[in-house]
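# Below is the sequence, then the predicted model.
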Amino acid sequence: GAVVSQHPSRVICKSGTSVKIECRSLDFQATTMFWYRQFPKQSLMLMATSNEGSKATYEQGVEKDKFLINHASLTLSTLTVTSAHPEDSSFYICSANDRAGYTDTQYFGPGTRLTVL
Amino acid sequence: EDKVVQSPLSLVVHEGDTVTLNCSYEVTNFRSLLWYKQEKKAPTFLFMLTSSGIEKKSGRLSSILDKKELFSILNITATQTGDSAVYLCAGGGSNYKLTFGKGTLLTVNP
């Protein structure tokens, strides 16, 4: 149980392109999903909290117009990196919280490696 | 600002050794302490601890939380090369958000 999928697993794109990443909870409903960014040999940095049916909550320093988040259903959240630039190249990971159990445990997707040329 | 500090940052051991990984935390409205293992991709869940002094075990891995000292340890006994990974500690606070430490890179040599 508690499986989270993420698609695509890898993206290579040109500068200026917008890239959409999908995060799905496969066997549970996720009222809340989280988007993280991880640079090589660094820890996970929370970018935003994605709430189903409402606006995402962004962490300090994260541009909401740059990283658009949509959480349209209880099993799907999307992150769109708009007008991507080389400095946006990173490993993006989503997680979902199975709130039915009132637990803090987050289950992670396999991640998306974004390379912007 | 919430903070989670892990030590050591890296560790190299031989197969069969026992290791102890440390995690200290300062998290507002603390609810739980979580341990994850990260190999090449995303983290996989190991333990969630909410109560002091109660050890959680899974095979050769065990973990315990001290809420008075704001500290947790993760023990791995009889290490194997497959245990090589980054071990992440995270503190759970308000709004179900997790604050992660920088991780401990464990390398187990044959």
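Good, I have the coordinates.
# Give me the nearest residue to the residue of chain B found nearest chain A, chain neighbours excluded.
Proximity of chain B to chain A (CB to the nearest CB) peaks at residue B:92, 3.4 Å away. All C-beta spots, glycine's among them, are computed from the backbone N, C-alpha and C. Leaving aside its sequence neighbours, residue B:92 sits nearest to residue A:104 (CB to CB, 6 or more residues apart in numbering or on different chains; 3.4 Å).
# What parts of chain B come near chain A?
Taking CB under 8 Å from any CB of the partner chain as the contact definition, chain B meets chain A at B:31-32, B:34, B:36, B:41-45, B:48, B:88, B:92, B:95-103.
# Do a quick rundown of the strands in chain A.
Here chain A has its strands, by DSSP state E, at A:4-7, A:10-13, A:19-25, A:32-38, A:45-51, A:57-58, A:67-73, A:76-81, A:90-97, A:106-108, A:112-116.
# Please flag which of the residues of chain B next to chain A sit within strands.
Per DSSP E, these map to strands at B:32, B:34, B:36, B:44, B:45, B:48, B:88, B:92, B:98, B:99, B:100.
# and the residue of chain A found nearest chain B, how many neighbours does it have?
Chain A approaches chain B most closely through residue A:104 (3.4 Å), counting by CB to the nearest CB. If you count neighbours by other CB atoms under 10 Å in any protein chain shown, residue A:104 ends up with 20.
# show me the residues around it that make contact.
By CB atoms under 8 Å, 6 or more residues apart in numbering or on different chains, the contact set of residue A:104 is A:97, B:31, B:32, B:34, B:48, B:92, B:96, B:98.
# now residue A:39
So residue A:39 contacts A:45, A:90, A:91 (CB under 8 Å, 6+ apart).
# Need those in JSON lines (columns: pLDDT, distance to chain B and neighbour count).
Formatted as JSON lines, the contacts of residue A:39 follow (pLDDT from 0 to 100; distance: CB to the nearest CB, whole Å; neighbours: other CB atoms under 10 Å in any protein chain shown):
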{"residue": "A:45", "pLDDT": "92", "distance to chain B": "8", "neighbour count": "16"}
{"residue": "A:90", "pLDDT": "94", "distance to chain B": "13", "neighbour count": "21"}
{"residue": "A:91", "pLDDT": "94", "distance to chain B": "9", "neighbour count": "18"}
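# Do you know the pLDDT at the residue nearest the centre of chain A?
Centroid-nearest residue in chain A: residue A:35, 3.4 Å away (criterion: CA atoms, centre = their mean). Per-residue confidence at residue A:35 stands at 96 (pLDDT).
# Neighbours of the residue lying closest to residue A:83 once chain neighbours are set aside, how many?
Computed as CB to CB, 6+ apart, the closest residue to residue A:83 that is not its neighbour in sequence is residue A:16, at 5.6 Å. Applying other CB under 10 Å, we find 10 residues neighbouring residue A:16.
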